[in-house]
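>>> Attaching a predicted model along with its sequence, questions to come.
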Amino acid sequence: MAPQPHPAAPPAADVFAVAPPLFSAGASAPSSMTPPSPPVPSPMPAPPAMSPPPVMPASPPAPAAVPTANHPAPPKKPPTPGSPPATSSASSSVPRAKLVIQRGGTVGKEFLLTETESNIGRWDADGGIFPDVDLDQDDPEAKVSRRHARIVCQDGQYVLEDLGSTNGTFVNRGRRLLPGNRHPLNDGDEIIVGKTFLKFHYIR
């Protein structure tokens, strides 16, 4: 029997065959090949609250000027004899004088001049006359007129004015005062109204 020929050997595999892909398009890449995810930024901290600006204290008032060696205080004028006592500007117009009866009535009786204007005369209710220096009880002969004279205080200085009296007004036994003319008074002056003698004094 004739020998059968051997079948031909299968061809060798192509050495240049393309290797299969590591992973298919539908398959996920292995973890070693996946790029890391970007880090999530942390939230920014809230800005601090703005505090109100500090309040500056008010500047203190400027101190009053004090006399120095370069700018000394002006000297005070000495009072002249017979002038009224020195008073402050706030109280310069405040009356501070009195009348004292010397003759013709109750000797020693005093009348305080507590108003800026003080009228000298006699009380008369029917005529509505109420003088500050009422000589009705000290003038029995009625030599003093109802509205006889007036003493006015002007900036601390007292002046005497006759109001058209019947028997006149005199100072230090001088001439009769003309009605409406004001005569300045000094401490210790003598005022004569009718037959009543009054002494003018500043209250010390």
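Arrived safely, thanks for sending.
>>> any idea which element residue 161 lies in?
strand 157-162 (DSSP states H and E).
>>> now residue 119
strand 117-121.
>>> buried stuff in that strand?
Residues of strand 117-121 classed as buried by neighbour count (16 or more other Cβ atoms under 10 Å): 118-121. Using the backbone N, CA and C atoms, a C-beta is placed for each residue, glycine as well.
>>> so can I have TSV of the residues you listed showing distance to residue 172 and pLDDT?
Converted to TSV, these look like this (distance: Cβ to Cβ, whole Å; pLDDT from 0 to 100):
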residue	distance to residue 172	pLDDT
118	19	95
119	21	96
120	16	97
121	21	96
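>>> Out of those, which is nearest to residue 155?
residue 118 (16.1 Å; Cβ to Cβ).
>>> Thought residue 158 was touching the closest one, still the case?
No - Residue 118 lies out of contact with residue 158 (Cβ atoms under 8 Å); the separation is 9.1 Å.
>>> Which elements pack onto the strand holding residue 161?
strand 147-154, strand 169-171, strand 182-184 (3 or more Cβ pairs under 8 Å, 6 or more residues apart in numbering; DSSP states H and E).
>>> Which one, of those, ends up nearest to residue 103?
For residue 103, the closest of the helices and strands packed on strand 157-162 is strand 169-171, at 12.9 Å, according to Cβ to Cβ.
>>> avg pLDDT for that closest one?
For strand 169-171, mean pLDDT is 97.
>>> what's that strand packed up against?
For strand 169-171, the contact count by 3+ Cβ pairs under 8 Å, 6+ apart identifies strand 157-162, strand 190-193 as packing neighbours.
>>> Partner strands of the shortest one and their direction?
The sheet places strand 190-193 alongside strand 169-171 (antiparallel), strand 196-202 (antiparallel), with pairing taken from DSSP bridges.
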